[in-house]
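[1] turn this into a structure:
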Amino acid sequence: MSDISRAPAWRDGPALAAGGVALASFLTIAAVWTLQARGYTPCELCLKERVPFYIGLPVAALLAVLGRRLPRGASRAGFALLALAFAAGAALGAYHAGVEWHLWAGPTGCSGAADAPSDVADLLKALDHVNVVRCDEAALAVLGLSLAAWNALLSAALAILAILGLRRA
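    Model prediction:
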């Protein structure tokens, strides 16, 4: 006799999906922080691409830990939030990868040519500012794909995993 309410939380489909999302979010955040500590400065788009993981980690962890103890509506809302956040992350990652591959223009603040200073005083003022990290140049490629492209793939996979959790919640 199989009673889902008596099954351990780790065997519960939605809790398992949420645990996978939480683990992937934690590992991704740890990886990008490690890269940043080792000198890879993120661009404007890279920082925005982290937001779904910052949202996903606590939401998915709660869904994984509480499992079926949550009201069905709350569980479904949590999975819907995860699916939307990671779908947006996949879209942003794909956009950023397209900017890196020069398929379309990126934000003016981090790609394209900078305005030339009009005189020496402006040039000296510009030298006092922090260098802008360009969004249209990949800082690192792994197996031929930039981190933005990997983010698009990972975020899409996590959105699908969240949808599977939503369907079973």
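[2] which SSE is immediately downstream of the helix or strand bottoming out on mean pLDDT in the chain?
    Scoring the helices and strands of the chain by mean pLDDT, DSSP states H and E places helix 120-127 at the bottom, with a mean of 64. Going down the chain from helix 120-127, the next helix or strand is strand 141-142, by DSSP states H and E.
[3] parallel or antiparallel, list what pairs with that next one.
    If you go by DSSP bridges, strand 141-142 pairs up with strand 145-146 (antiparallel).
[4] just how off-centre is the strand it pairs with within its chain?
    Taking CA atoms, centre = their mean, to the nearest Å, one finds the center of strand 145-146 at 15 Å from the center of the full chain.
[5] and stretch 64-76, by the same measure?
    The answer for stretch 64-76 is 23 Å, by CA atoms, centre = their mean.
[6] can you give me the buried ones in that stretch?
    Within stretch 64-76, the residues that count as buried by 16 or more other CB atoms under 10 Å are 64, 66, 67, 70, 75, 76. Every C-beta, even on glycine, is put in place using the N, C-alpha and C of the backbone.
[7] helices - which of those land there?
    Under the assignment DSSP state H, those contribute 64, 66, 75, 76 to helices.
[8] want to try a markdown table for the residues you listed, with pLDDT as columns?
    Putting those into a markdown table (pLDDT from 0 to 100) gives the following:
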| residue | pLDDT |
| --- | --- |
| 64 | 92 |
| 66 | 88 |
| 75 | 91 |
| 76 | 93 |
